[in-house]
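*Asks:* Let me see the structure of the following:
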Amino acid sequence: MKINLLLLFLLSAFLFVDKNVFGQSFCGTTGKFLVTPTEGCAPLTVNITDQMVNAENVTYAYDFNKNSTAPPEEKDRSFELSHVYNLPGTYTILQYGSIKDVAGFSLCKDVIVKENRAPKAELMTCANGRVRLTIISDSISLAYDAIDITWGDGVNQSVNIKNGGALFYDHKYASGGNFPAITVQGKYATGACTQSLKTTLTKQTAPQSLAKIRIRSVEMLPSGEAKILYDGMEGISTEIWIDKGDGQFVTTGKGGQSDGAQSATVTGLNPQQIYRFKLSSKNFCENLIDSPVVSSLVLKEGAVSLDEIISVSWEHYPNTDNLLQYQLKRDGSVIFTSSDQLSYLDTDVKCGTTYQYEIVAIIEKDVRSYSTPFSIAPKSSSPETITTASVTVKDDHTITTQVALSGEGLTSSYDLIVERAALGSQDFQQISQPDNQSLLFDDVDVNTSESSYCYRFTYENACNLRAPAFSAPVCSILLQNRVTDVLWNANSPFTAGVASYNIIQMDDAGTVQDEIPKQLETSHLLDIGSQSAFSFQVKAQSTDGNMLSYSNVLSLRRDPIVLIPDAFTPNGDAYNERFEVKAYFVSTFNMSVFTRWGEVVFQTEDSSESWDGNIKNEKAPGGYYLYKIEMTDASGQQISRNGSFLLIR
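*Replies:* Next comes the predicted model:
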């Protein structure tokens, strides 16, 4: 108990010692002891002789960190004057304690313990008597200045791996079969540790596997070169072999025997031909080992020829490893993947742009095969002449044209050209803006209430190819009205002639109520007796069925018109024989005729009926008669007419 308390006191005292005494380390210079020996081979026993006078509670730490500024932990303290080091290394012994009524003290000394274990090694043997001994590069073998190899047939060899020397060493016995014991022993230049252990090798092992020697990628270049990346092994001679298409592999003379990633270039090849490559390596026993085969790829323009579509296809010989995927790249980006498809149609292209394509085969175990890139621009046929179009009069100052594009030469972008001429003229002028891509075009520089206009169309595709001719002209129709009918210009709106006209009848809201075939007529009689608000439009179709022309919309709204005679003469001269009222633009009609005394002599709900001047089949006497007419117009408004007229006999 007293000892522990004293130690605690001493440790506390050390913590308050001026740092100038010990510097920044707990190791000081005031202690005193001898170490015997200070250097030796593991296992090494050292003995301590304490030389401090009047010292109390002298304590040791046999593996102290000399840079530590604190005393050792309790588990690392010892009062023993002897210690055994089993492993090599440089160790620091710390002595610390106190002198009664004086102060604390400490001192550090180093002990060097050298390696004494036998180096580790592996042995590879061949049936022809050849062997390879490989020293394991670790802390044991690197500790020695030299390593002695005793081959067992009277041949000895001393090697040094400490400064980057080789790790494997070959030897040839007179014959194969049973090999003598081979020993490996570490040596120091000073002759220390002469009793160090030896490693004895008698086990015969098979030659090392060459599975890591394999092709990583094959890349065909436009220059006719193939760039081969592969993994090699140190000391293993590896050559690149090629099959040029006849099924026979021949050496390229390229290769090496270095470890890790290697690169070689095979020249004089045709980038449009497929080649197969493999690695042929000699293992330590002179046996040839082949790697899996990797073939090159050929990418070319496909057989399909479509407007503004690029067709590509590729060829590839089978490989000994499994193919996982093809990746088609355009301008460096993957646009298509497949495990078995050998062609692709690229529709995301435009004329005037050149694209670069490359196909990559992804093979298991992270192997790649790259084709030679090739560049190509989309192609196109010449556009066909436009055969489908329509012309529609939209309002007094607008005509809308519309065309349909089809056939060969149609690309994603184009310039639709619209030309106009007055009806009967051949002086067509372009009215569309450059690079017009709208199939629907509004011509706002016209006067449709007075004239008809003709239009023709053509277009130029994105590949700067134009249709061979303009379309046949399509002309607008001018629809006009008279009181009792509507009529339109008799000029054919089409070069090929008119198949038929239809009159489209709409109500006041513009809803189509009827489409009336008119054959080749150019007028339509109106039912003005029953309608007061209506709209009409004429549609013409060409004889080939591809062209349409729509006239202006003629909207008619009439106030009711009632024509009432003030006299009639039913005398048999066939002139003015009846009391006949004419009513236009009314939807209902009711008329009554009275004598001056209020007797009804005639009544009708049909505006086309009239009074013949008879009462109950007897001639009515001459004189004045009264009438009352009740009508409704198309809007439902009630209209009344009252008056008198004279019957003359």
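*Asks:* Spell out, range by range, the helices that occur in this structure.
*Replies:* Along the chain, the stretches classed as helices by DSSP state H are 2-15, 19-22, 139-143.
*Asks:* Quick check: mean pLDDT of the second one?
*Replies:* Rounded to a whole number, the mean pLDDT of helix 19-22 is 40.
*Asks:* List the contacts of Met233.
*Replies:* By CB atoms under 8 Å, 6 or more residues apart in numbering, the contact list for Met233 reads Gln208, Leu210, Lys212, Ile213, Gln257, Asp259, Ser281. Backbone N, C-alpha and C define where each C-beta goes, glycine included.
*Asks:* Tell me how far the fifth one lies from Glu239.
*Replies:* Looking back up the chat, that one is Gln257. To Glu239, Gln257 is 10 Å away according to CB to CB, to the nearest Å.
*Asks:* go on, the first one?
*Replies:* Using CB to CB, one gets 18 Å for the distance from Gln208 to Glu239.
*Asks:* Repeat that for the third one.
*Replies:* Remark: distance between Lys212 and Glu239 (CB to CB) = 16 Å.
*Asks:* And those two? Which one has more around it.
*Replies:* Glu239 (18 against 13; other CB atoms under 10 Å).
*Asks:* what's the pLDDT at the nearest residue to that one once chain neighbours are set aside?
*Replies:* In space, and not counting its chain neighbours, Glu239 is closest to Gly255: 3.9 Å by CB to CB, 6 or more residues apart in numbering. If you check Gly255, the pLDDT there is 93.
*Asks:* got it, and Ala620?
*Replies:* Model confidence at Ala620 (pLDDT) stands at 92.
*Asks:* what sits against it?
*Replies:* Contact partners of Ala620, counting by CB under 8 Å, 6+ apart, are Val601, Gly613, Asn614, Leu647.
*Asks:* Could you tell me how many residues sit around Glu74?
*Replies:* Glu74 sits with 9 neighbouring residues when counted by other CB under 10 Å.
*Asks:* Start at 48, not 1
*Replies:* That works, and once the first residue is 48, the last one we named lands at Glu121.
*Asks:* Tell me which residues of stretch 339-350 come out buried.
*Replies:* Pro339, Val340, Val341, Ser342, Ser343, Leu344, Val345, Leu346, Lys347, Gly349 (16 or more other CB atoms under 10 Å).
*Asks:* same question, stretch 324-339
*Replies:* Buried, per 16+ other CB under 10 Å, within stretch 324-339: Phe324, Lys325, Leu326, Ser327, Ser328, Asn330, Phe331, Cys332, Ile336, Ser338, Pro339.
*Asks:* Check stretch 151-164 too.
*Replies:* 151-156, 158-164.
*Asks:* Would you check that Asp482 makes contact with Leu463?
*Replies:* No. With contacts counted by CB atoms under 8 Å, Asp482 stays clear of Leu463, the gap being 9.2 Å.
*Asks:* follow-up on the earlier one: of all the buried residues of stretch 151-164, which comes closest to Asn94?
*Replies:* Val158 (11.0 Å; CB to CB).
*Asks:* in the sheet, who's paired with the closest one?
*Replies:* Tyr138 (DSSP bridges).
*Asks:* and the gap between it and Asp387?
*Replies:* With CB to CB as the criterion, Val158 and Asp387 are 71 Å apart.
*Asks:* In terms of pLDDT, where does Leu55 sit?
*Replies:* Leu55 carries a pLDDT score of 40 in this model.
*Asks:* Give the buried residues for stretch 128-135.
*Replies:* His130, Tyr132, Pro135.
*Asks:* I'd like to know which of the residues you listed are part of strands.
*Replies:* His130, Tyr132 (DSSP state E).
*Asks:* need the buried residues of stretch 128-135 in a markdown table with pLDDT and distance to Ser184, can you?
*Replies:* Below are the buried residues of stretch 128-135 laid out as a markdown table (pLDDT from 0 to 100; distance: CB to CB, whole Å):
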| residue | pLDDT | distance to Ser184 |
| --- | --- | --- |
| His130 | 97 | 31 |
| Tyr132 | 95 | 24 |
| Pro135 | 92 | 16 |
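*Asks:* Among the buried residues of stretch 128-135, which one sits closest to Met553?
*Replies:* Pro135 (109.7 Å).
*Asks:* Who are the contact partners of the closest one?
*Replies:* Taking CB under 8 Å, 6+ apart, we find Pro135 in contact with Cys88, Ala89, Val160, Lys161, Glu162, Asn163, Ser186, Ala190.
*Asks:* which phi and psi does it have?
*Replies:* The phi/psi pair for Pro135 (degrees, to the nearest 10) reads phi -70, psi 160.
*Asks:* Which residue comes closest to it once chain neighbours are left out?
*Replies:* Using CB to CB, 6+ apart, the closest residue to Pro135 is Glu162 (4.1 Å).
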